[in-house]
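1. 3D model of this:
(chains A and B, ligands or ions: 2)
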Amino acid sequence: MTMQHSARAGGLASARNATAAWLLHHATIGRPALLGTLSMATIVLAWQISATFGFIDTLFLPPPTEIMRALVEVVTSDTFPRDLQTSAYEFGLGLGISILVGGTLGVLAGWYRPFDELLRPIVIAVNSVPNLALIPIIILLFGIGTTSKIVLVLLSCIVVMEMNTQAGVENVDRQLKRMARSFGATDRQLIRTVVLPGMVPFFMTGVRICVGKAVVAVAVAELFGSVAGLGNILIKAQSEMNMAVMYAAVVLLTVIGIALTQTAVLLERLLTRWKD
Amino acid sequence: MGMMDKLPSETAPEDGRAVKLDVRGSRVSFPSKKGRFVAVDGIDLAVKEGEFVAIVGPSGSGKSTFLMALDGLVPLSGGTITVEGKEVYGPGPDRAVVFQEACLLPWRTVLDNVAYGLELRGRPKAERHAVARDLIQLSGLAGFEQFYPRQLSGGMRQRVNIARALAADPAVLMLDEPFSGLDAQTRETMQGELLKIWDERKKTAIFVTHQIDEAVYLADRVIAFSKCPARIVAEWEIPFPRPRPLSIKHSDEHRRIENEIWKVLQREGAFAAH
Ligand SMILES: Nc1ncnc2c1ncn2[C@@H]1O[C@H](COP(=O)(O)OP(=O)(O)OP(=O)(O)O)[C@@H](O)[C@H]1O
Ligand SMILES: [Mg+2]
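-> Ligands and ions are numbered 1, 2, ... in the order given. Here you go, the predicted structure:
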C-alpha cells in the first residue's frame, strides 16, 4: 500500500522538484554540523581569551577579533575585486582545461588499449613529479602573470582527471556492456549510453580531488611571484609585516577552498544519486 | 545457399506454423591450451512461430553458450542460424536475450530502461515511451515508471529486464535462467506472470533453466542437453493446454513428465557431486 503510494508520488513529481528536494535534504544542517561548529567555537574562544590575558604574543598571533577586522579590511579594499578575479580566473580556466583534456584522454585511454600504452609513461612521470617544486621553473618559463598559475594547475590536475576517468571507463560493468551489445548497440551507442554515464562516479571523484589541488596550486604559485591574487595579498602583507592581514588571507583561502570542495562534493552526490 | 533458403519450409510443421528460428549443425568452440575446447557440438533446433521451448541440462553443459551464439554475442565455429528465413551473424533486433542478472542501467528510470532497445534503433521518444508504458503495465509495474533500479526488488528488476526485451519486439526471445536469482515464492509468481504476458504476446521463446518443474510448466517443448560439449539428448512435447494455472504443477501428469526428464538428466550426470 505504502509502496503503491510512493510510486504514484514518484511518478508525478517532476525531475526538477525531485532535485530541489534532494538538495534541500542534503544541505540541511544536522547534528554533525552543529557539533563541528561547537568544537571550532571552543578553540576560537580559547584563543581570544589567551590573547586578552596576554598568554600569547599578539604580535605574531593576533586575537581572532583582530584577524576578523583585518579580513573585513581586506575584503572591502579597492584591490580585492581584482585579486579575487585573478585567482578565480586562474582556478577556473586551469580546472576547466584539466577536466576537459584529462577527461578526454581518460576516455580514449580507457577505450583504446594502444592509446593507454602510449600515454602511460607520461602519466606516471607527471604524476610522480612533486608539482609544487616546479613552481620556480614554471615562473622562469612563463613569468609571474596568470599563465604560470594556470600551467601549474594543469600539471597538478590533468593527470588526476585522466587516471580517474580511465579507471571509470575500465570499471564500467561488463555485463551492462554485453547487454547493450545484445540489443545491437554500435560502439558509439555503447559509449554514449553505457560507458559515459557509467564512468561518472569515478570522473566526479577526480573533479572533487582536482578542485582541492587547483586551489592549492593557484595559492602557492601566487606566493612565489604574482601581481595580483589571493596569494598575492598574503605575500604583500608579509613584506609589510602585517600579521593580521596574513592570517586573514589564510582564513580567506581556507574558507574558499572548503566552499569549492563542498560544492564539488554536492555535485558529485547529485550526479551519482542513482547509485545505492 | 539456395538450399538454405528452402530449409524453413522443408521443416514447416503440419500445423502450418512457420519456423521462426532454425539452427543447423551449430558448433561453438573456444581457444584453449590444447587446441580448441568445444562447448556446443552440432545442435539442430527448429522453433516454430509462437512456440515456447525450454532447455535443461547439466551445469556447464553449454546452454548459456548456445544462447549467446544464437544472439550473436559468440561466433559459431560451424553451422548456421536462420531467423525468419534470413541467415544471421551478429546481434540484431530480431533477437533479444534476458540474462540471469537484470543488467538494468542504474542511472535510468524503469521507463527509460524498458525503452532502451527501441532507443538504440532510433525510435522517437513518444513512440518508445508508449511501447514501454504498455509493457510496464503488462508486467505489473504500473506506477514505477520513474523509479530507479536501486529502488526495486529483485523480482521487479527481473520484470523490467523481461519487459525491456519484449519492448524491443524481437522475433525470438531468449531467456537464460532469468529467475534463478529469486526466492522460490517470487519465482513461482514470476513464472505465472511470464506465462500471462506470453499468452498475450505469443512470442517465440527459448528458455534455459535448471528447474525441471519450471521448464515443464512454461514450455510447449522441453529439450535436454548432454553434458559438455552440448548435444540434444532428449525432447518432450508438453501437452498441457493454455492458459495454464500454477496448480497444474501439482498434477500427476506434470510430475510424471518432470520425473522422466529428471532421469535423463541424471544419466547425464546433472546431479553428480562436483
Ligand atoms: N568465453 C569462454 N571461453 C572459454 N570457455 C568458455 C567460455 N564460455 C563458456 N566456456 C565453457 O563452455 C562450457 C559451457 O559453459 P556454459 O556457460 O554455456 O554452461 P551452462 O550450460 O550455461 O552452465 P550453467 O547451467 O551452469 O549456467 C563450460 O565448460 C565453460 O567453461
Ligand atoms: Mg549458464
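2. Report the buried residues of the host helix or strand of B:Ala96.
-> Using DSSP states H and E, B:Ala96 sits within strand B:95-98. Residues B:95-98 are the ones in strand B:95-98 that count as buried (16 or more other C-beta atoms under 10 Å in any protein chain shown). Bear in mind the C-beta positions are built from the backbone N, C-alpha and C, glycine included.
3. now do stretch A:267-276
-> Under 16+ other C-beta under 10 Å, the buried positions of stretch A:267-276 are A:268, A:271-272, A:274.
4. Nearest to A:Arg82 among those?
-> Taking C-beta to C-beta as the measure, A:Arg82 sits nearest to A:Glu268 out of these, at 31.6 Å.
5. For A:Val250, give me its contacts.
-> A:Leu234 (C-beta atoms under 8 Å, 6 or more residues apart in numbering or on different chains).
6. do the same with A:Trp111
-> A:169, A:191, A:195.
7. Minimum distance to ligand 1, which residue of the stretch 151-276 of chain A gives it?
-> A:Arg178 (11.3 Å; C-beta to the nearest ligand atom).
8. Quickly list the domain ranges of chain B.
-> Chain B breaks down into these domains under automatic domain parsing: B:1-94+B:172-274, B:101-169.
9. okay if I get these as JSON lines plus mean pLDDT?
-> JSON lines is the format used below for those (pLDDT from 0 to 100):
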{"stretch": "domain B:1-94+B:172-274", "mean pLDDT": "89"}
{"stretch": "domain B:101-169", "mean pLDDT": "94"}
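10. could the contacts of A:Trp111 be laid out in a markdown table, adding secondary structure and neighbour count?
-> What follows is the contacts of A:Trp111, written out as a markdown table (DSSP: H, G, I helix; E, B strand; the rest coil; neighbours: other C-beta atoms under 10 Å in any protein chain shown):
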| residue | secondary structure | neighbour count |
| --- | --- | --- |
| A:Val169 | helix | 22 |
| A:Ile191 | helix | 19 |
| A:Val195 | helix | 20 |
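11. quick one: contacts for whichever residue of the stretch 101-250 of chain B sits closest to ligand 1?
-> At 4.8 Å from ligand 1, B:Cys228 is the closest residue in the stretch 101-250 of chain B, using C-beta to the nearest ligand atom. Neighbour list for B:Cys228: B:39, B:58, B:60-62 [criterion: C-beta under 8 Å, 6+ apart].
12. what do you get if the cut-off is 10 Å, keeping everything else the same?
-> The contact partners of B:Cys228, by C-beta atoms under 10 Å, 6 or more residues apart in numbering or on different chains, come to B:37-41, B:57-63, B:65.
13. and it, backbone torsions?
-> phi -60, psi 140 (degrees, to the nearest 10).
14. List just the nearest of the buried residues of strand B:95-98 to ligand 1.
-> B:Val97 (12.4 Å).
15. Please report how far A:Val220 lies from A:Leu196.
-> Here A:Val220 is placed at a distance of 34 Å from A:Leu196 (C-beta to C-beta, to the nearest Å).
16. Just send the buried residues of stretch A:267-276 back as TSV, with secondary structure too.
-> Shown next, in TSV, are those (DSSP: H, G, I helix; E, B strand; the rest coil):
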residue	secondary structure
A:Glu268	helix
A:Leu271	helix
A:Thr272	coil
A:Trp274	coil
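17. Pipe the residues you listed into a markdown table and attach pLDDT and distance to chain B per row.
-> Output for the buried residues of stretch A:267-276, formatted as a markdown table (pLDDT from 0 to 100; distance: C-beta to the nearest C-beta, whole Å):
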| residue | pLDDT | distance to chain B |
| --- | --- | --- |
| A:Glu268 | 92 | 14 |
| A:Leu271 | 92 | 9 |
| A:Thr272 | 90 | 9 |
| A:Trp274 | 87 | 4 |
